[in-house]
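**Q** give the three-dimensional model of this entry:
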Amino acid sequence: MSKQITLEEVLAGMNDTATKNYAMTELLMQTFSAFAVSTGNKEAIADFIKSTSTTGELVEAHEHAKNVFLKVLDSVKVIPEQKN
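**A** Just a heads-up that it's a prediction; the model follows:
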């Protein structure tokens with residue numbers, strides 16, 4: 001017979017998965033934003049993000065995602081390469 005899993009173990013597993021997914025999403029946003037900024041496409045990407053929308057139960061989450069993505073995009077700065 002297998003051991004029953006407690007509610008606390010289930011919640012801990014869900015929290016771990018959510019934390020890892022958030023970190024992965026944040027890293028992806030940072031990487032994409034760095035690419036967009038370094039290629040001179042920051043404004044085009046920002047305009048695209050602002051123009052996106054959804055309907056139904058995802059509206060609030062979508063607005064949150066847009067705001068986070070725009071903040072990350074705005075936080076990326078290009079550091080000029082130093083020539084020796």
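
**Q** which one is residue 45 nearest to, not counting chain neighbours?
**A** Across the structure, with Cβ to Cβ, 6 or more residues apart in numbering as the measure, the residue nearest residue 45 apart from its sequence neighbours is residue 36 (4.4 Å). Heads up, the C-betas are built off the backbone N, CA and C, glycines and all.

**Q** just for the chain, where's the confidence low?
**A** 1 (pLDDT under 70).

**Q** helix or strand for residue 73, which one?
**A** Here residue 73, judged by DSSP states H and E, is contained in helix 59-75.

**Q** which elements pack onto that helix?
**A** Contacts of helix 59-75 with other secondary structure elements, assessed using 3 or more Cβ pairs under 8 Å, 6 or more residues apart in numbering; DSSP states H and E, are made with helix 7-38, helix 42-51.

**Q** in it, what's buried?
**A** By neighbour count with 16 or more other Cβ atoms under 10 Å, helix 59-75 contains the buried residues 65, 66, 69, 70, 72, 73.

**Q** show me what contacts residue 22?
**A** Taking Cβ atoms under 8 Å, 6 or more residues apart in numbering as the definition of contact, residue 22 has no neighbours.
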